[in-house]
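>>> turn this into a structure:
(one chain, ligands or ions: 1)
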Amino acid sequence: MVFKINTQQSTEAFEIAKQLMPGGVNSPVRAFQSVGIDPIFISHGIGSKIYDIDGNRYIDYILSWGPLIHGHADKDVASALLEAIKKGTSFGLPTLQENKLAQLITTRIPSIEKIRMVNSGTEATMSAIRLARGFTGKNIIVKFEGNYHGHSDHLLVKAGSGIATLGLPDCPGVPLEITKNTISVPYNNIEALSSVFHTYGSEIAAVIVEPFAGNMAGIPADPEFLQTIRLFTSKYGALFILDEVMTGFRIAYHSAQGLYNIQPDLTCLGKIIGGGMPVGAYGGRKEIMNLIAPEGNIYQAGTLSGNPIAMVAGYTTINKLTYDSYNYIEELSDRLIQGLSTVASKSNISLMTTKAGTMIGLSFTDKPLQNFDDARKIDSEMFRHFYVEMLKQGILLPPSQYESIFLSTAHSIHDIDQTINAADIAFQRMSAFL
Ligand SMILES: Cc1ncc(COP(=O)(O)O)c(C=O)c1O
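Residues are numbered from 1 along each chain as shown. Predicted coordinates:
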């Protein structure tokens, strides 16, 4: 049933928010700018559904940008949290909850022998880079165009033409002195990577990579590309940092490193390991992790790090993830991309889909995506139309053509079929304008 939604109260709330916060939000993509509409303000969520303050109900494919793999207000996570909160929310001293989550993570991801909890994915990647530089005694960091690793200064460098660009900052406020040691290379491009190692090999501290570029329309890494990173980093004495902030515990039971059968030196985590509470973590081989203070002299600390509430949410979330959970989400993902492809081609819409484990990407293009240059050619106008048509039918997608959509164990086959039906209607309307 197609309905036109009324979002008047959200629009009014946004007007007030804009007076109080830059762009009316606390993180840019929430402003819905790339889809050209005001954001909706959320009142609550249950399972796969989210409700705005005007009372509209949506099937949610944002899921707080990934953490909520069991959907909103999962009853196990909620009751564990309620119990934990009664005992106090933060102590700034060690708790058993930290041991429990650390044990669970190191068991599921064996390359992580020791782990340090932090408060966000940004902190995790920032700290892993400091550690890599401290461990190797080298300065250069290699990253890939279009990969997002949070907003720390030395990683806010993206593309450049040519084989590699010595880091020019993307953002005012980030001094060139800080990014000059960041080299950005095209994603999935083994030749470009090899050329960088050939030229700068002895100065490279680490290569950091997203195994599924979820902030670039969902481009999976080529297995051979990841193996090449492993090969070069080992050969040149650099560290391989796998950024699993998004893919960790989402893409597969043993995360992306299990799916791709690769062994990084350091792994960055976030999102799911906090079960919807603010968390990040980085971990890896003992001999590297032991350099962190107080065991070693590489300083990194946090007032709220290892927060017991966040540890409980993360532990409960991961502990209930079984192989079946991933099989189920993958089944939903397959059904969704197959259904969307069918209805798109019926309306002559070019829709490209990608998939790795449970994660999928959708983009309006007729050329398979390999890297950032391909992603930049996606038709943003098509996405904007699609987005609004889906929202009007109660389907909430991430408000950016570059962001991954997320599914959960709480989504049902009925949710997926409803989404495909809505897309069918959306595509028919869009094709009328083509
Ligand atoms: C791969 C990756 N790394 C790092 C980050 C930064 O995490 P946070 O937003 O928690 O700082 C993100 C956030 O989306 C991410 O997707």
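>>> check the offset of the longest helix anywhere in the chain from the chain's centre.
Counting residues, the longest helix found in the chain (DSSP state H) is helix 323-346. Centre-to-centre, helix 323-346 and its host chain are 19 Å apart (C-alpha atoms, centre = their mean, to the nearest Å).
>>> in it, which residues are buried?
325-326, 328-330, 332-333, 335-337, 339-341, 343-344 (16 or more other C-beta atoms under 10 Å). The C-beta positions use only the backbone N, C-alpha and C, and glycine is treated the same way.
>>> can you get me a residue count around residue 301?
11 (other C-beta atoms under 10 Å).
>>> leaving out sequence neighbours, find the closest residue to it.
Distances taken as C-beta to C-beta, 6 or more residues apart in numbering place residue 293 nearest to residue 301, at 7.3 Å, with adjacent residues excluded.
>>> does the one you found touch residue 131 like I think?
No - at 10.6 Å, residue 293 and residue 131 do not qualify as touching, with contact defined as C-beta atoms under 8 Å.
>>> quickly list what's touching both of the two.
residue 300 (C-beta atoms under 8 Å, 6 or more residues apart in numbering).
>>> residue boundaries of the helices in the chain?
8-20, 75-86, 96-108, 121-136, 176-179, 190-200, 223-236, 255-260, 286-289, 308-319, 323-346, 372-376, 380-392, 413-433.
>>> report the backbone C-alpha coordinates of stretch 75-86 in PDB.
C-alpha atoms of stretch 75-86 as PDB (Å, rounded to 0.1, in the frame of the first residue of the first chain):
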ATOM      1  CA  LYS A  75      15.100  -8.200  24.200                       C
ATOM      2  CA  ASP A  76      18.300 -10.000  25.400                       C
ATOM      3  CA  VAL A  77      20.500  -6.900  24.900                       C
ATOM      4  CA  ALA A  78      17.900  -4.600  26.500                       C
ATOM      5  CA  SER A  79      17.500  -6.800  29.600                       C
ATOM      6  CA  ALA A  80      21.200  -7.300  30.000                       C
ATOM      7  CA  LEU A  81      21.600  -3.500  29.800                       C
ATOM      8  CA  LEU A  82      18.900  -2.900  32.400                       C
ATOM      9  CA  GLU A  83      20.600  -5.200  34.800                       C
ATOM     10  CA  ALA A  84      24.000  -3.600  34.200                       C
ATOM     11  CA  ILE A  85      22.700  -0.100  34.600                       C
ATOM     12  CA  LYS A  86      21.300  -0.800  38.000                       C
END
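>>> just the residues contacting it, thanks.
With C-beta under 8 Å, 6+ apart as the criterion, stretch 75-86 contacts 70, 97, 275-276, 308-309, 312-313, 315-317, 320.
>>> next, count neighbours for the residue of the chain found nearest the ligand.
Relative to the ligand, the nearest point of the chain is residue 121 (2.2 Å; C-beta to the nearest ligand atom). Residue 121: 30 surrounding residues under other C-beta under 10 Å.
>>> contact partners for residue 154?
For residue 154, the contacting residues are 126, 129, 141, 167, 178-179, 181-182, by C-beta under 8 Å, 6+ apart.
>>> mind running it again at 10 Å?
Residue 154 makes contact with 125-126, 129-130, 133, 139, 141, 143, 167, 169, 174, 178-182, according to C-beta atoms under 10 Å, 6 or more residues apart in numbering.
>>> from those residues, which would you call buried?
Judged by 16+ other C-beta under 10 Å, buried ones among those: 125-126, 129-130, 133, 141, 143, 167, 169, 174, 179-182.
>>> filter those by proximity to the ligand?
residue 125 (C-beta under 6 Å from any ligand atom).
>>> which among the buried ones among the contacts of residue 154 gets closest to residue 23?
residue 174 (19.2 Å; C-beta to C-beta).
>>> how far away is the closest one from residue 157?
Per C-beta to C-beta, to the nearest Å, residue 174 is found 8 Å from residue 157.
>>> do residue 394 as well
39 Å.
>>> who's more crowded, these two?
residue 157 (26 against 18).
>>> pretty sure that one sits against residue 179.
Yes - in terms of C-beta atoms under 10 Å, residue 157 counts as a neighbour of residue 179; the distance is 4.9 Å.
>>> and for residue 292, the neighbour number?
Residue 292 has 21 nearby residues by other C-beta under 10 Å.
>>> distance to residue 383 and pLDDT added to the buried ones among the contacts of residue 154, as JSON lines?
Shown next, in JSON lines, are the buried ones among the contacts of residue 154 (distance: C-beta to C-beta, whole Å; pLDDT from 0 to 100):
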{"residue": "125", "distance to residue 383": "27", "pLDDT": "97"}
{"residue": "126", "distance to residue 383": "31", "pLDDT": "97"}
{"residue": "129", "distance to residue 383": "32", "pLDDT": "98"}
{"residue": "130", "distance to residue 383": "37", "pLDDT": "98"}
{"residue": "133", "distance to residue 383": "38", "pLDDT": "98"}
{"residue": "141", "distance to residue 383": "32", "pLDDT": "97"}
{"residue": "143", "distance to residue 383": "26", "pLDDT": "96"}
{"residue": "167", "distance to residue 383": "29", "pLDDT": "58"}
{"residue": "169", "distance to residue 383": "28", "pLDDT": "66"}
{"residue": "174", "distance to residue 383": "28", "pLDDT": "86"}
{"residue": "179", "distance to residue 383": "30", "pLDDT": "88"}
{"residue": "180", "distance to residue 383": "35", "pLDDT": "91"}
{"residue": "181", "distance to residue 383": "35", "pLDDT": "94"}
{"residue": "182", "distance to residue 383": "29", "pLDDT": "94"}
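>>> follow-up on the earlier one: what's the longest helix of the chain packed up against?
Contact here means 3 or more C-beta pairs under 10 Å, 6 or more residues apart in numbering; DSSP states H and E; on that basis helix 323-346 packs against strand 352-356, strand 359-363, helix 413-433.
>>> avg pLDDT for that helix?
Taken as a whole, helix 323-346 carries a mean pLDDT of 98.
>>> can you check stretch 58-69 too?
98.
>>> now swap in stretch 215-230 and tell me
Mean pLDDT, stretch 215-230: 95.
>>> endpoints of it, how far apart?
23 Å (C-alpha to C-alpha, to the nearest Å).
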